[in-house]
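S.K.: Got a predicted model here, sequence first, then my questions.
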Amino acid sequence: MTFYSKSTNGFYNESIHGARIIKIVDPAFEPKEIEQIDTDPETGETLDRYMVPNPDAPMIEVPNQDSKIPADAVEITNEYHSELMAGQSQGKRIEANESGYPVLVDPPAESLQEVRARALADIRTQRKPILDALAGIGFDALFASDEPTVVAVSEARQAALAVTELPAFLAAQTYQEMKLAIMAEYKRIAANAPTAVQTAFREVLG
C-alpha cells in the first residue's frame, strides 16, 4: 500500500516503512496460554507438559508503533502514484489539497530575476566552447606570428564575454528574448571577424 503525507510532502510504502496497522492477540482475552500435553501414542504415557499460546484467542488491530508512516498520511493507489510521478517529471508540482490528498499543480511563474539567472547559466554553458575554440585559434595564430588574427581573436573574445551586458539582453523580459539577443550578438561578432575566427561560432550558430 502506498501513502502520501502532507506534513512531509513525501510518499511511503508499507513494505518499506512498516504497516500502519498490525494484528495482535487481544490482551484482554483469557487465558492467553493453554497447557499442551504430549503423550506416547502407544502407551498414553505423558511425555511432556508445557504452555502454548491459546489458539482461540481473538486478534485485534492496533497502530504499529514501529511504522515510519506519518499519522497524517492518506492512502493512494499505485496507479495514481505513477501518475503523480509522471506529472512531476513534466514540470508539475505535487501538493496536498484541503483534504491532504496529493494533486498535481502548475509551478509558480518565474520572476524576471529567476528567468535571467536561468538564461545566464545557459549562456555561460553555451559560451564555453566558443571561448575554448577562440583560445585554440589564438594560440595557433600567435605561433604562426599571424598578428591580425591574434588581434581579431582578442576582440571576439572580449565581445563574447560582454554579451550578458548588452542593453538588449538586460531589457529582455522573457527567456526567449534573452536568448535571441545573445544569438544576434554572436552573429554580429562572427560577421565582423575573419574566417578563421568565425569557425569558433559555427557550433552555436549552426
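M.R.: Sure thing, it's come through.
S.K.: Look through this structure and report the residue furthest from the middle.
M.R.: Note on the chain: the largest C-alpha distance from the chain mean falls to Thr43, namely 72.0 Å (CA atoms, centre = their mean).
S.K.: Then that residue would be within a helix, right?
M.R.: No: per DSSP: H, G, I helix; E, B strand; the rest coil, Thr43 lies outside any helix segment and is coil.
S.K.: tell me the domain boundaries of the chain?
M.R.: 2-105, 112-205 (automatic domain parsing).
S.K.: Check these for me and report the most buried one.
M.R.: Most buried of the domains of the chain by mean neighbour count (mean count of other CB atoms under 10 Å) is domain 112-205; its value is a mean of 16. C-beta coordinates here come from the backbone N, C-alpha and C atoms, glycine included.
S.K.: re the thing from before, now do the same for the residue farthest from the centre of the chain: its pLDDT.
M.R.: Note on Thr43: pLDDT of 90.
S.K.: What distance do you get for it to Ile37?
M.R.: 14 Å (CB to CB, to the nearest Å).
S.K.: and Ala133, what does it touch?
M.R.: Thr199, Ala200, Glu203 (CB atoms under 8 Å, 6 or more residues apart in numbering).
S.K.: just the residues you listed now: which is nearest Ala57?
M.R.: Glu203 (76.4 Å; CB to CB).
S.K.: how about the closest one, what does it touch?
M.R.: Glu203 neighbours (CB under 8 Å, 6+ apart): Pro129, Ile130, Ala133.
S.K.: Give me the next element, helix or strand, following the helix or strand hosting the last one.
M.R.: Taking DSSP states H and E as the definition, Ala133 sits inside helix 112-143. Past helix 112-143, heading to the C-terminal end, the next element that is a helix or strand (DSSP H and E) is helix 147-161.
S.K.: what's next to that following helix, contact-wise?
M.R.: 127, 130-131, 134-135, 137-138, 141-142, 185-186, 189-190, 193-194, 196-197, 200.
S.K.: one step back: want to try JSON lines for the contacts of Ala133, with pLDDT and secondary structure as columns?
M.R.: Shown next, in JSON lines, are those (pLDDT from 0 to 100; DSSP: H, G, I helix; E, B strand; the rest coil):
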{"residue": "Thr199", "pLDDT": "95", "secondary structure": "helix"}
{"residue": "Ala200", "pLDDT": "96", "secondary structure": "helix"}
{"residue": "Glu203", "pLDDT": "87", "secondary structure": "helix"}
